[in-house]
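Trainee: please work out how this folds:
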Amino acid sequence: MKKRNQINDCVLILIRFFRDFTYTFSFLALCFAIFTLILTLNSKCFRHNVLLELFYLLLFCIIFKVSTLIWGFTIYFIFWHSLPSLNDQIHFIYGECNKKTIIRYCKNAVIYWAISLIGIAGVYYIFKNENIFYAIFFSFIAAVTFPHSIVITKMFKQKKRNLYR
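Mentor: Next up, the predicted model:
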């Protein structure tokens, strides 16, 4: 019983600490500053890009401050995830990224995009009035993301192997 009370006391202390936003923000800012300093000192690549990365961080802060969470994530996902990923995929498949290869890629991918959009629309149509819609919707997205992650991982492993040949 004494051990349980000690655990409860520790949990309450942590809750009080993190409940106060000022302490949480200060703690996270300190961790960020230390991590940035370590990376700047130890990584030439990071040192070269530190200003650009800090600009992106500032831009993310502004986007997430002025928009809803879903819109902020959507903007991030499109501009900082999807477009660079498409560029990597086009370079990997066709060796270069230009108007011709982009059109070729889109023609080959449109059937998969259509199937995904039809699936999402179907899930929405069937479950839009249900309490579990969001759980089903995000499970559907996870189901689409899992095979995508496997393919992208294999792509980068192959790219790395080709680089070191």
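Trainee: so, low pLDDT: which residues of this structure?
Mentor: Within the chain, the stretches with pLDDT under 70 are 1-4, 17-21, 165.
Trainee: and Gly122, how far from Tyr105?
Mentor: 26 Å (C-beta to C-beta, to the nearest Å). From N, CA and C alone the C-beta is placed, and that goes for glycine too.
Trainee: looking only at neighbour counts, state which of the two leads.
Mentor: Tyr105 (16 against 11; other C-beta atoms under 10 Å).
Trainee: OK, contacts around the more buried one?
Mentor: Counting by C-beta atoms under 8 Å, 6 or more residues apart in numbering, Tyr105 makes contact with Leu86, Gln89, Ile90, Ile93, Tyr94.
Trainee: same thing but at 7 Å, please
Mentor: By C-beta atoms under 7 Å, 6 or more residues apart in numbering, the contact list for Tyr105 reads Ile90, Ile93.
Trainee: need the phi and psi values for it.
Mentor: Tyr105 has phi and psi values of phi -60, psi -50 when expressed as degrees, to the nearest 10.
Trainee: and for Ile132?
Mentor: phi -100, psi 10.
Trainee: which helix or strand contains Leu83?
Mentor: Using DSSP states H and E, Leu83 sits within helix 83-94.
Trainee: buried residues in that helix, which are they?
Mentor: Gln89, Ile90 (16 or more other C-beta atoms under 10 Å).
Trainee: what's that helix packed up against?
Mentor: Secondary-structure packing of helix 83-94 (3 or more C-beta pairs under 7 Å, 6 or more residues apart in numbering; DSSP states H and E): helix 99-127, helix 133-163.
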